[in-house]
Structure formats: C-alpha cells, structure tokens
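Student: sequence and predicted structure, then a few things I'm wondering about:
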Amino acid sequence: HEHLDGGLRVSTLFALLAERGLPSPAPDPARLAEWFDARAHAGSLTEYLRGFALTVAPMAGPAALERVAFEAAEDAREDGCVLGEFRIAPLLFGAHGLHGEAVVEALLAGLARSPLPSGLIVCAMRHLPVEETVRAARLALAYRAQGVVGFDLAGAELGHPPREHRAALDLCRSAGLPLTLHAGEADAAERVVEAVRLGARRIGHGVRLADALGDPARSALVDEVREAGVHLEVCPTSNVHTGAAASLTRHPITALWRAGVSLSFHTDNRLMSRLTHSAEALALLRYTSLVPIDLYAVSYTHLRAHETKANLVCRL
C-alpha cells in the first residue's frame, strides 16, 4: 500500500520543483527532508493530506511521472520487495494540463523499466462528485490489460462513505477489476464492512475495525470481515501520523491480527511518513508484541491476498 505521490525520493522532489520553477519549503534536499520529518506528525488525515499539494504539481509531466514510478519500484525492490503495487489518482493532474490517459501511460512506462513485477492501482478522490469517480473508473478499465490492477477510493474519508460512489464501484466490479478501498482510517468500523459489501476484497487501513473488538453490539462486524477473507492493508506509522492511532505501542494491528483478521503492514507514503517497509517491520518488532514469526505470517497472508484476491498482473 504505497501512494506514488506520497513516496517520492526527497532528492527527486527537490529537483522536480526546481525544474518547474516551483517554490520549495527548504533550500536543499537535506533540509527538505527535515521539513518532512518535522511535519510527519500531522495529527489528522486532512492535515496529513496537505503534503500532497507539494508533490503533485512538480510531478505533472510525462517524464517526471515516469521517473517517479521507476524510482518507486526500484526503491521497493532494493528494500526487499518481490511484488509491488503502486497507487495514485491520475485525474489530479488534470489541473496541470495532463489528461488521465497520459498520466497512466507515463506511470506504467516507469514501472515497466524496473525488473520488479508490479502493477498500478487507479485511485479516485472520494470527496469529488460521482461523475469524477466514474471517469476514474473508466480510465482504470481502459488500461487493465496494460498493467492497471485495481481501483481505489482515497482522500479525506470522514463524511464521504464508499456508498456515495457505488456507480464507479459497480462499474469496476461488473468488469472484474478488483477493488481495494480506503476505509476505517478516519471513520468508523461500519465503513469497513460497507466497503466489503460494495465489493472490496482488500481494505486500505481498516484500523477502526478494532473498535468493534470486544463490543458485543458490534463484534459481528469483525466476524463478517474475517469470514469474508477480506484483507486489511494496515499502515501503522502513517496511522500514528494521521491520528488514527495514538502510538505504535497502542496501534490496533496486534489486536486485529490476534483476532484472526487477514492483514499486512505497509508504508502508505514513504516520503510523507519518512520510512521504508523494512523500517516499519523493525518498528513493529520494537513497539508491539508482534514477533518475527508474526511478521512472516503477515507477509504470507499478504501474498495470498495478492494471488487470490487482487489478480495482480506480474511480469514474470
């Protein structure tokens, strides 16, 4: 679970800002890294998402998009990744004069340059009108044979439940394109189950599902997700940064795993949260009661979720 516009290399972002004549909040890459370090603990999802205003504009060109996608795949490969998915909302670049097709083609070209088997997930921004999410869904379907492997709803969650975008979700589901929706990050456990009932086979975050653990009135929510075999893409450090969890020590990933929920851990945004996948693994071992065998098992369930639920297109 990694957003391309949230995972740029600091040096690349600094260079792209300079190339497009855009202002940087820091005079050099080292201080730009410090700037992201200082604002990582945004405290809410809405505040956390403001960082993307700095990354989208400098990426708004085919060469820049291809570069960012290629570097993301290479960074993941060097961190030990053997299969990758990268997500982004292509229509965000329309404000900068790029058609969605040009964005997707540039990103797929970048991913194809890396030997890492990978795919692209097209996101729609859930706060936008239904017409826009349907347009994003049609874009995803147009490129499914070229490397688009799924459709997602992302962005500010509270107040924008997945059912608002049923038309786009139904369009993808009827065409057989897998859904992996953000849910239960900044809204209640009920939103996770809502996303599942709308066809999501994987859930981005889903941590609020833990609120239903031990609650007799809501425990059926956990049962439904577990029995459906739906997989949660949990991003612990990011959840702390957005206020979805108080700390890694108190993060609900452990409780959800012990309750038998299929899940895995992810970076979400390597730039915004200033981490790598391996660093996240080490942090979980340090701050939670999870042990190495748990992380091995988590990785295995993640692989199974890709193979049996996501139909990830791999260049093997």
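Tutor: Yep, that arrived.
Student: now stretch 119-139: buried residues?
Tutor: Using 16 or more other CB atoms under 10 Å as the test for burial, stretch 119-139 gives 119-128, 132-137, 139. Using the backbone N, CA and C atoms, a C-beta is placed for each residue, glycine as well.
Student: which helix of this protein spans the most residues?
Tutor: In the chain, taking DSSP state H as the definition, the longest helix is helix 62-78.
Student: next one: that helix to chain centre, how far?
Tutor: Distance of helix 62-78 from the chain centroid (CA atoms, centre = their mean, to the nearest Å) equals 16 Å.
Student: what's it packed up against?
Tutor: Contacts defined by 3 or more CB pairs under 8 Å, 6 or more residues apart in numbering; DSSP states H and E place helix 62-78 against helix 10-19, helix 52-59, strand 84-88, helix 100-113, strand 118-125.
Student: go with 10 Å
Tutor: Helix 62-78 makes packing contacts with helix 10-19, helix 52-59, strand 84-88, helix 100-113, strand 118-125, helix 270-273, helix 277-287 when contacts are defined by 3 or more CB pairs under 10 Å, 6 or more residues apart in numbering; DSSP states H and E.
Student: now do that helix, average pLDDT.
Tutor: Averaged across helix 62-78, pLDDT comes to 98.
Student: tell me the buried residues in that helix?
Tutor: Buried residues in helix 62-78 (16+ other CB under 10 Å): 64-77.
Student: got JSON lines for the helices and strands packed on helix 62-78, with distance to Leu177 and mean pLDDT too?
Tutor: Formatted as JSON lines, the helices and strands packed on helix 62-78 follow (distance: least, CB to CB, whole Å; pLDDT from 0 to 100):
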{"stretch": "helix 10-19", "distance to Leu177": "30", "mean pLDDT": "98"}
{"stretch": "helix 52-59", "distance to Leu177": "24", "mean pLDDT": "94"}
{"stretch": "strand 84-88", "distance to Leu177": "13", "mean pLDDT": "96"}
{"stretch": "helix 100-113", "distance to Leu177": "14", "mean pLDDT": "98"}
{"stretch": "strand 118-125", "distance to Leu177": "9", "mean pLDDT": "98"}
{"stretch": "helix 270-273", "distance to Leu177": "26", "mean pLDDT": "96"}
{"stretch": "helix 277-287", "distance to Leu177": "26", "mean pLDDT": "97"}
